[in-house]
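Student: sequence plus predicted model, see below.
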Amino acid sequence: MDAREVSLLALNDCQRQGGWSDAILKKRLAAAGLDSRDGALATQLCFGVLQNRLLLDFYLSHFSSLPLKRMEGKVVEALRLGAYQMLFLEKIPHSAAVNTSVELTRKHCKNPRAAGMVNGILRSLERSLERLPAIPQTDPVSDLSTRYSHPEWLVRELLATLGGGETAKLLAANNSQPPITAQGNTTKTTLEQLAQMLEEEGIQTQPHPWLADCLILSKPGNLERLAAFQQGLFYVQDPASKLAALALDPRPGMRVLDCCAAPGGKSFACAIQMEGRGEVISCDLHPHKKRLIQAGADRLGLTNLSPVTADGKAFRPEWEAAFDRVLVDAPCSGLGVIRKKPDIRYKDPAPLTGLPGVQRAILDNAARYVKPGGVLVYSTCTVLRRENEDVVRGFLSDHPEYRTEAFRLPEHVADGGGGMVTLWPHRQGTDGFFISKLRKEE
């Protein structure tokens, strides 16, 4: 099985099973046993098709007399793979892109005539690459939706928040490859020592431009094979998530609660900031997530971290007013991490309407765990106001004992002076992320 076949099957799995592309692709890659080079190509193909699906379908529809929605799923994915390679990958000959899609169709699709149809559509596209159909620009929502392959409902919301110019920049950033950032475990090593060890293992590194104790890694491949990873000298975390932990400001000797912790990155950041002193209780609703957090803490050597299975909405009397710091990184729509989960944009938006209610329930409950004078941080990895500022403002109106508090961010990153900040991929180069710091009165 080669990279294109793995990509086809992973894309088909995403459509049929509704799972996340990163997890599905990882499973397919492991089963196929591809080497690192083919694995990288399969990842590029799978993510590239997902990032550009609406645009690919726009072009393919112009060269097909049969609507795509009436075709077998694997036929559509074979067409998208061929079109993506011709439109976006300069190093792959067009003939190879067409021929492999035809062969994949012949191998995996039920209709014996499908291979001929795929060949005809892709050959027509190939002949028209210098004069592709123009995307209609009469409606900015439809134009941006097609051009950057984001659903119209999301484009409409982003336009209301950012305006046309910035929305286009954000959508383009969402279709880019995010850097891999390694947070140094300063309880075990320095950033200089970590960089040297990674360089010796063949990984190119550079210090993050504005976040301390953070490295940007170039072409690391499978991180888990690295001695520096196995020895717990770093963990992977987006800078935006690290900023949430910095806003919380946990200090040595404090008692900290992370209410929605899995996979544990913010809990790890807190435990490291506390220099191994004090206690971090790291919660998740699912028992298998508790085991995941514990495994990460064990690898990093963080003995002051204790995973607990707990429902963030269910009150625990023994925790009332028991914590100096409480973090609520709430379940959300995840629309700030489209760079890493490109298919998240295509999920049905209807269930998202119930998220603010869940977020408020968790925040209301977590507020009871904060000591007088303590800090509560609310964060999400989304950029939708109704899940961010609106949730916090509603909370503050019902909880007069809390007020927003300014927090410091690295210079030129963003302004946390109002106690609330949204980070954007096209501005800060981070995940889309919201952070609010709240102080409970003495």
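Tutor: Okay, I see it.
Student: which SS class is residue 205?
Tutor: With DSSP: H, G, I helix; E, B strand; the rest coil as the basis, residue 205 sits in strand.
Student: show me what the helix or strand of the chain with the lowest mean pLDDT is packed up against.
Tutor: Every helix and strand in the chain was compared by mean pLDDT, DSSP states H and E; the lowest is helix 21-32, with a mean of 89. Helix 21-32 sits against helix 3-17, helix 36-51, with contacts defined as 3 or more Cβ pairs under 8 Å, 6 or more residues apart in numbering; DSSP states H and E. All C-beta spots, glycine's among them, are computed from the backbone N, C-alpha and C.
Student: could you dump the ones you listed into TSV with mean pLDDT and mean neighbour count added?
Tutor: Below are those laid out as TSV (pLDDT from 0 to 100; neighbours: other Cβ atoms under 10 Å):
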stretch	mean pLDDT	mean neighbour count
helix 3-17	92	21
helix 36-51	93	21
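Student: using CSV, lay out the ones you listed together with distance to residue 206.
Tutor: Below are the helices and strands packed on helix 21-32 laid out as CSV (distance: least, Cβ to Cβ, whole Å):
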stretch, distance to residue 206
helix 3-17, 29
helix 36-51, 20
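Student: which one, of the ones you listed, ends up nearest to residue 227?
Tutor: The closest of the helices and strands packed on helix 21-32 to residue 227 is helix 36-51. By Cβ to Cβ, the value is 17.5 Å.
Student: just how off-centre is that closest one within its chain?
Tutor: Mean-position distance between helix 36-51 and its chain equals 17 Å (Cα atoms, centre = their mean, to the nearest Å).
Student: what average pLDDT does the helix or strand following that helix get?
Tutor: Sequence-wise, the next helix or strand downstream of helix 36-51 (DSSP states H and E) is helix 53-62. Across helix 53-62, the average pLDDT comes to 98.
Student: need the residues that contact the very next helix or strand once past helix 53-62.
Tutor: Heading C-terminal from helix 53-62, the first helix or strand you meet, by DSSP H and E, is helix 73-88. Helix 73-88 is contacted by residues 4, 7-8, 11-12, 15-16, 45, 48-49, 52-53, 56-57, 59-60, 64, 68, 71, 92, 94, 96-98, 100-102, 104-105, 108-109, 111, 114, 117-118, 121-122, 125-126, 129 when judged by Cβ atoms under 8 Å, 6 or more residues apart in numbering.
Student: helices and strands around the very next helix or strand once past helix 73-88, which ones?
Tutor: As assigned by DSSP H and E, the chain's next helix or strand after helix 73-88 is helix 94-108. Counting by 3+ Cβ pairs under 8 Å, 6+ apart, the packing neighbours recorded for helix 94-108 are helix 3-17, helix 73-88, helix 114-127.
Student: residue 246: which of these is closest?
Tutor: Judged by Cβ to Cβ, the one of the helices and strands packed on helix 94-108 that comes nearest to residue 246 is helix 3-17, at 34.7 Å.
Student: just name whatever secondary elements the closest one is in contact with.
Tutor: helix 21-32, helix 36-51, helix 73-88, helix 94-108.
Student: contacts for the second one next, please.
Tutor: Pointing back at helix 36-51 there. 2-4, 6-7, 10-11, 14, 21, 25, 28-29, 32, 34, 56, 77, 80-81, 84-85, 88-89, 149, 174-175, 221-222, 342-343, 346.
Student: angle of it against helix 3-17?
Tutor: Angle of helix 36-51 versus helix 3-17, following axes from the mean of the first three to the mean of the last three Cα atoms, to 10 degrees, is 40 degrees.
Student: likewise for the first one?
Tutor: Our comparison of helix 21-32 with helix 3-17, counting by the same axes, to 10 degrees, yields an angle of 130 degrees.
Student: show me which positions of helix 21-32 end up buried.
Tutor: Going by neighbour count (16 or more other Cβ atoms under 10 Å), the buried part of helix 21-32 is 21-22, 24-25, 28-29, 32.
Student: the last one now?
Tutor: Of the residues in helix 94-108, 94, 97-98, 100-102, 104-105, 108 count as buried by neighbour count, 16+ other Cβ under 10 Å.
Student: how distant is that helix from the center of its chain?
Tutor: 31 Å.
Student: what's in contact with it?
Tutor: Identification of contacts with helix 94-108 by Cβ under 8 Å, 6+ apart yields 4-5, 8-9, 74-75, 78-79, 81-82, 85-86, 89, 114-115, 118-119, 122-123, 126, 129.
Student: so residue 132 sits against residue 59, correct?
Tutor: Yes. In this structure, residue 132 is within contact of residue 59 by Cβ atoms under 8 Å, at 6.2 Å.
Student: which one's more surrounded, the two?
Tutor: Set side by side, residue 132 and residue 59 show more neighbours around residue 59, with 23 against 12, by other Cβ atoms under 10 Å.
Student: tell me the contacts of that one?
Tutor: So residue 59 contacts 83, 87, 125, 132-133 (Cβ under 8 Å, 6+ apart).
Student: one more time with 7 Å, if that's ok
Tutor: For residue 59, the contacting residues are 83, 125, 132-133, by Cβ atoms under 7 Å, 6 or more residues apart in numbering.
Student: could you flag which of the residues you listed are buried?
Tutor: Buried, going by 16+ other Cβ under 10 Å: 83, 125, out of these.
Student: so which of the contacts of residue 59 is the closest to residue 403?
Tutor: Of those, the one sitting nearest to residue 403 (Cβ to Cβ) turns out to be residue 83, at 53.4 Å.
Student: skipping adjacent residues, who's closest to that closest one in space?
Tutor: residue 56 (4.8 Å; Cβ to Cβ, 6 or more residues apart in numbering).
Student: then residue 334?
Tutor: Spatial nearest neighbour of residue 334, excluding adjacent residues (Cβ to Cβ, 6+ apart): residue 344 at 5.2 Å.
Student: how close does the one you found get to residue 50?
Tutor: 9 Å (Cβ to Cβ, to the nearest Å).
Student: give me the residue at the spatial middle of the chain.
Tutor: In the chain, the centroid-proximal residue (Cα atoms, centre = their mean) is residue 337; its distance is 3.0 Å.
Student: just checking, that residue touches residue 431?
Tutor: Yes. In this structure, residue 337 is within contact of residue 431 by Cβ atoms under 7 Å, at 5.1 Å.
Student: who touches both of those two?
Tutor: Counting by Cβ under 7 Å, 6+ apart, the common neighbours of residue 337 and residue 431 are residue 381.
Student: rewinding a little: what's the burial count for the residue nearest to residue 334?
Tutor: Neighbour number of residue 344 under other Cβ under 10 Å is 18.
Student: dump the residue contacts of it.
Tutor: With contact set as Cβ under 7 Å, 6+ apart, residue 344 has these partners: 334-335, 337-338.
Student: make sure it is indeed in a strand.
Tutor: No. The assignment for residue 344, made by three-state DSSP, is helix rather than a strand.
Student: what sits against residue 352?
Tutor: Neighbouring residues of residue 352 by Cβ under 7 Å, 6+ apart: residue 333.
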